[in-house]
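Q: structure of the sequence below:
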Amino acid sequence: MLPREKYLERGIDSLSDTELVAILVGSGVKGKDFFSISRSIVKRIRKVVSNGKDICIEDIDGVEGVGIVTAMRILAGMELGRRVYGLCKSERSLVRDSEDAYGLLRDIGSKKQEYVVGLFLNSRFEVLDKRVVGMGSLDIVSVLPRDIITPALELNAALVVIAHNHPSGDPSPSEEDILFTKRLSEALDLVGIKLLDHIVIGGETWKSIS
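A: Numbers count the residues shown, from 1 in each chain. Okay, here's the model as predicted:
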C-alpha cells in the first residue's frame, strides 16, 4: 500500500517516518524510487540530529535524487512541526514514570482499533521519538518484539515505554498482554535496552503492567 493510500485508509499515525517523508518527496528519479530516496533522507536527518547539529538545506539537498525544492518542502514541514508542537531538542518531553507516559499516550484511548505505540527514551529519560508500531482491527493486534527493538536500536534508545489500547474501554491487562510484556522485556535486555513500562489504556483510564 502506498503512503498516501495508507494515510487515507488508516490515518497519519499509521505512517512510518520514511512514509511521511515519501509523501513529501512525491516521486523518484531515474534509477532510484521515492522510497529509497525517502529512506536516505530519514537516515541523513537522524545522523545530523544524533550529532547534536541543526539540519540545514544542504544536508537534505545533498541526498541523491533530492532537489532544492523538495529539501525546502521537508525543512518547512519540520519547522512547522517545531513551531506548532514544540518539537525541538531543548523542549523534549521527560518520561520518568507511568503517569508521564500516559500523558503522552492517552490519545489512543479513544481509538476504535487497537494501537501499539512506543516511546523511545535516552538515558536522561528524554523522549527521542513516539511511534506507532502496530495496528489491528477491533481488539486484536499482532506485534513482535523485533517491531519495537528495531526502532529502539535505530534511535540508540536506552529505555522504552510501550502502550496499547483496549477499544472495549477496560484497561485490565489480558494474560497475553502480560506474557508479551515479559517476552519483550527479556528481548530488550539482550540488546542492552530497558523496558520502563507497558501500559494499557481503555477510554480515559489506564493500568500499568509492571
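Q: for the rest of this, base every contact and every neighbour count on C-alpha atoms.
A: Noted.
Q: got the contact list for the residue nearest to the spatial centre of the chain?
A: Among the residues of the chain, the one closest to the centroid is residue 131, at 1.6 Å (CA atoms, centre = their mean). Neighbouring residues of residue 131 by CA atoms under 8 Å, 6 or more residues apart in numbering: 13, 16, 117-119.
Q: in this structure, which ranges drop under the pLDDT threshold?
A: 28-31, 82-92, 137-141 (pLDDT under 70).
Q: make it 80
A: Within the chain, the segments meeting pLDDT under 80 span 1, 10, 12-14, 26-34, 49-54, 62, 79-92, 136-142, 210.
Q: give me the domain ranges for it.
A: 3-89, 98-209 (automatic domain parsing).
Q: quickly list what the residue nearest to the centre of the chain is bridged to.
A: Beta bridges link residue 131 to residue 118, judged by DSSP bridges.
Q: how near is it to residue 33?
A: 24 Å (CA to CA, to the nearest Å).
Q: residue 2 now?
A: 12 Å.
Q: where along this protein do the strands fall?
A: 114-121, 127-136, 159-165, 194-202, 205-209 (DSSP state E).
Q: show me where the chain has helices.
A: 3-10, 17-25, 34-50, 57-61, 68-85, 98-105, 145-154, 175-190 (DSSP state H).
Q: deepest of those helices, which one?
A: helix 17-25 (a mean of 19; mean count of other CA atoms under 10 Å).
Q: and stretch 47-63, how far apart are its ends?
A: So stretch 47-63: terminal residues 13 Å apart, CA to CA.
Q: show residues contacting it.
A: Contacts of stretch 47-63 (CA under 8 Å, 6+ apart): 37, 40-41, 44-45, 66-68, 70-72, 75.
Q: ok, now stretch 106-124?
A: By CA under 8 Å, 6+ apart, stretch 106-124 touches 95, 101, 105, 127-141, 143, 148, 152, 155-167, 169, 201-205.
Q: buried among those? Need that as a selection in ChimeraX.
A: With 16 or more other CA atoms under 10 Å as the criterion, this ChimeraX line picks the buried residues out of the contacts of stretch 106-124:
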select :95,101,105,127,128,129,130,131,132,133,134,135,148,152,155,156,157,158,159,160,161,162,163,164,165,166,167,169,201,202,203
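Q: hmm, back to that, please list only the buried members of the contacts of residue 131.
A: 117-119.
Q: residues contacting the closest residue to residue 163 other than its chain neighbours?
A: Once flanking residues are discounted, residue 163 sits nearest to residue 199: 4.7 Å by CA to CA, 6 or more residues apart in numbering. Residues counted as contacts of residue 199 (CA under 8 Å, 6+ apart) are 98, 102, 161-164, 206-209.
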